[in-house]
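>>> make a model of this:
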Amino acid sequence: MEGLIVSNVLLWVLLVAVAFVVMGLVRQIGVLHGRLAPAGALMMDKGVAVNEAAPQVTAADRNGRPVNFGYAGEKSQLLFFLSPTCPICKSLLPAIKSIAREQASTLDVVFVSDGDMDAQQALIREHKLEDATYVVGPEVGMTYQIGKLPYAALIDKSGTLRAKGLVNSREHLDSLFEVEHLKHATLQQYLNAQPHDHAHDHSHGHSH
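Numbering: from 1, shown residues only. Below you'll find the predicted structure:
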């Protein structure tokens, strides 16, 4: 009888230990999931609808100068939301800079991030973004309800939100502009209308 009690106690101890291990693994999976940048197609999510007036907000750039978002102006605006801890964000910077150069006469590109200023400065130095408009702070991301990175929003010069979504490749960036030209209601509709296969694209999102 005593042996049975001892073995039962040992089983309970073992069960509790296993439960702790499982909880630890679940927590680790959550941490890893939070660090993974997305690898999927652009998609619609929360926030203002495409072809509606873009939310208007003013935020200071990293030099303290005010930047207006969503207001009518002389040029369209491309907002690129990024983070120094997001590898895909960094991999897209050459493409973003290329678009900024190619469309400088009609498009203002604004980089929007949040968090540690030292990490932001290191990113700016590494990718030579000293001359770019770069906003650090939560206001714009909260106004546009950005939950996953890298993310982009295209606002035309009348202040209308033309396209938005997760961007994981140059193709996704280009599709932001194609949506405007082809008048698709959403990026998802544009991508679904393409002849090539996007079935391999699954988005898991990089959470702030």
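>>> which residues touch residue 75?
Residues near residue 75 by Cβ atoms under 8 Å, 6 or more residues apart in numbering: 105-108, 157. The way it works is simple: take the backbone N, C-alpha and C, and place the C-beta from them, glycine included.
>>> domain boundaries for this protein, per the record?
In terms of domains, the chain is parsed into 1-35, 57-199 (source: automatic domain parsing).
>>> quickly compare the ones you listed and say which is most buried.
Ranked by mean neighbour count, those are led by domain 57-199 with a mean of 17 (mean count of other Cβ atoms under 10 Å).
>>> that older thread, quick check, nearest of the contacts of residue 75 to residue 63?
Closest to residue 63 out of these is residue 108 (15.7 Å), distances taken as Cβ to Cβ.
>>> among the contacts of residue 75, which are in strands?
When the contacts of residue 75 are checked against strands (DSSP state E), the matches are 107-108.
>>> including mean pLDDT, could the domains of the chain go into JSON lines?
JSON lines is the format used below for the domains of the chain (pLDDT from 0 to 100):
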{"stretch": "domain 1-35", "mean pLDDT": "72"}
{"stretch": "domain 57-199", "mean pLDDT": "88"}
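>>> quick one: closest of those to residue 49.
Closest to residue 49 of the domains of the chain is domain 57-199 (Cβ to Cβ; 7.5 Å).
>>> quick revisit: and the contacts of residue 75, which is closest to residue 167?
Closest to residue 167 out of these is residue 107 (15.3 Å), distances taken as Cβ to Cβ.
>>> tell me where the protein has strands.
Using DSSP E, the strands found in the chain span residues 57-60, 66-69, 76-81, 107-113, 133-136, 148-149, 151-155, 161-166, 206-207.
>>> which non-adjacent residue is nearest residue 146?
Nearest residue to residue 146, sequence neighbours excluded (Cβ to Cβ, 6 or more residues apart in numbering): residue 81, at 5.0 Å.
>>> identify the bridge partners of the one you found.
Under DSSP bridges, the beta-bridge partners of residue 81 are residue 112, residue 151.
>>> now do the contacts for it.
Contacts of residue 81 (Cβ under 8 Å, 6+ apart): 112-113, 140-141, 144, 146, 149-153.
>>> returning to that earlier point: save the strands of the chain as CSV, and put in distance to residue 17 too.
Below are these laid out as CSV (distance: least, Cβ to Cβ, whole Å):
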stretch, distance to residue 17
strand 57-60, 50
strand 66-69, 52
strand 76-81, 43
strand 107-113, 42
strand 133-136, 45
strand 148-149, 36
strand 151-155, 42
strand 161-166, 40
strand 206-207, 31
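>>> residue closest to the middle of this structure?
Centroid-nearest residue in the chain: residue 149, 1.9 Å away (criterion: Cα atoms, centre = their mean).
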